[in-house]
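Colleague: when you get a sec, could you give me coordinates for this:
(one chain, ligands or ions: 1)
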Amino acid sequence: MDAREMKIKAAAVALEHVEDGMRLGIGTGSTAEEFVRLLAEKVANGLKVECVPTSERTARLCVELGVPLKSLDELPQLDLTIDGADEVDGHLRLIKGGGGALLREKIVAAASARMIVIADESKVVDTLGRFPLPIEINPFGQVSTRIAVEKTAERLGLTGQMALRTSGDGLFMTDGGHLILDASFGRIPDAEALAIALNTIPGVVEHGLFIDLATLAIIAGPAGARVIDAKN
Ligand code: 5RP
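Modeller: Below is the predicted model:
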């Protein structure tokens, strides 16, 4: 199986959890997009679902493929969210935001009774932090916010390069009009403590540590798919 086939495999297993009449949150990224493609086939064959997208990019694909969309305000409580991840550990802690959609992804996941992560084996880690942690910050006072993030991380024993994400000639801008600071802390032994500490910094809008949100991960590898569930 090549990388794309593994993403499709994980998405196909996740699709088995989708039932008629469900209100779904739909993630962002290349793995989530494979899920949208498979879901669209089911919808074309009569499956009734209502979906809340986590990004403008996902919304565009859903519209193109005929997947019915609602806003989160129209459907404020969801049955299930299916989304990719940049990293997942054995306790279903995640790093997300590689695609820059972490704020909406977290709001949608938190509004869902269940969240299934779909990923390939390359995303599984013992300890989070190999992937630079995306931190969404308000453009106002971004230098002060960056200094505050550095000091907060240092207090937790974390150091490393931080860089504002770029896109083309300029800075990357999220759907909400914010910037992304990618923080290469390396191993994050206490992700819970870092998550709480980052949330206390005024200019931090949200961060990519997803803790106690995922209820199941479907991990596809060359030999097939396995699950990590919240009971592990
Ligand atoms: C977007 C995300 C994505 O879920 C994450 O980046 C994984 O993407 P991909 O499936 O393309 O590897 O968090 O903000």
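
Colleague: close to the ligand: what parts of this structure are there?
Modeller: The chain has residues 27-32, 83-86, 96-102, 105 near the ligand, with proximity defined as CB under 6 Å from any ligand atom. Where you see a C-beta, it was placed from the backbone N, CA and C, and this is true even at glycine.

Colleague: swap in 8 Å and give it another go.
Modeller: Taking CB under 8 Å from any ligand atom as the contact definition, the chain meets the ligand at 7, 27-33, 54-55, 83-86, 96-102, 105, 118-119, 123, 134, 208.

Colleague: which of those residues fall within strands?
Modeller: Mapping the residues of the chain next to the ligand onto strands (DSSP state E) picks out 83, 118, 119, 134.

Colleague: out of these, who's nearest the ligand?
Modeller: residue 83 (5.4 Å; CB to the nearest ligand atom).

Colleague: who are the contact partners of the residue nearest to that closest one when sequence neighbours are not counted?
Modeller: Counting by CB to CB, 6 or more residues apart in numbering, residue 27 is the residue found nearest to residue 83 once chain neighbours are left out, at 2.6 Å. Residue 27 is in contact with 35, 54, 58, 81, 82, 83, 84, 101, 105, 118, counting by CB atoms under 8 Å, 6 or more residues apart in numbering.

Colleague: which residues touch residue 58?
Modeller: Neighbour list for residue 58: 26, 27, 28, 32, 33, 36, 101 [criterion: CB under 8 Å, 6+ apart].

Colleague: surely residue 191 touches residue 211?
Modeller: Yes: if you go by CB atoms under 8 Å, residue 191 and residue 211 touch, sitting 6.2 Å apart.

Colleague: overlap in contacts of the two?
Modeller: residue 93.

Colleague: tell me the contacts of the residue nearest the centre of the chain?
Modeller: With distances taken as CA atoms, centre = their mean, residue 96 lies nearest the centre of the chain, 4.1 Å away. Going by CB under 8 Å, 6+ apart, residue 96 touches 83, 84, 85, 86, 102, 105, 106, 134, 208, 210.

Colleague: pull out the buried members of the residues of the chain next to the ligand.
Modeller: Burial of the residues of the chain next to the ligand was assessed by neighbour count (16 or more other CB atoms under 10 Å); the buried members are 7, 27-29, 31-33, 54-55, 83-86, 96-102, 105, 118-119, 123, 134, 208.

Colleague: next, count neighbours for the closest residue to residue 72 other than its chain neighbours.
Modeller: Distances taken as CB to CB, 6+ apart place residue 52 nearest to residue 72, at 5.0 Å, with adjacent residues excluded. Using other CB atoms under 10 Å, residue 52 has 26 other residues around it.

Colleague: over to the one 5 residues further on?
Modeller: Other residues near residue 57 come to 17 when the count uses other CB under 10 Å.

Colleague: next: residue 126.
Modeller: The number of residues packed near residue 126 is 8, by other CB under 10 Å.

Colleague: what's the separation between the closest residue to it other than its chain neighbours and residue 109?
Modeller: Closest residue to residue 126 apart from its sequence neighbours, by CB to CB, 6+ apart: residue 89 at 6.7 Å. Separation of residue 89 from residue 109 (CB to CB, to the nearest Å) stands at 16 Å.

Colleague: between the two, which one's more packed in?
Modeller: residue 109 (24 against 19).
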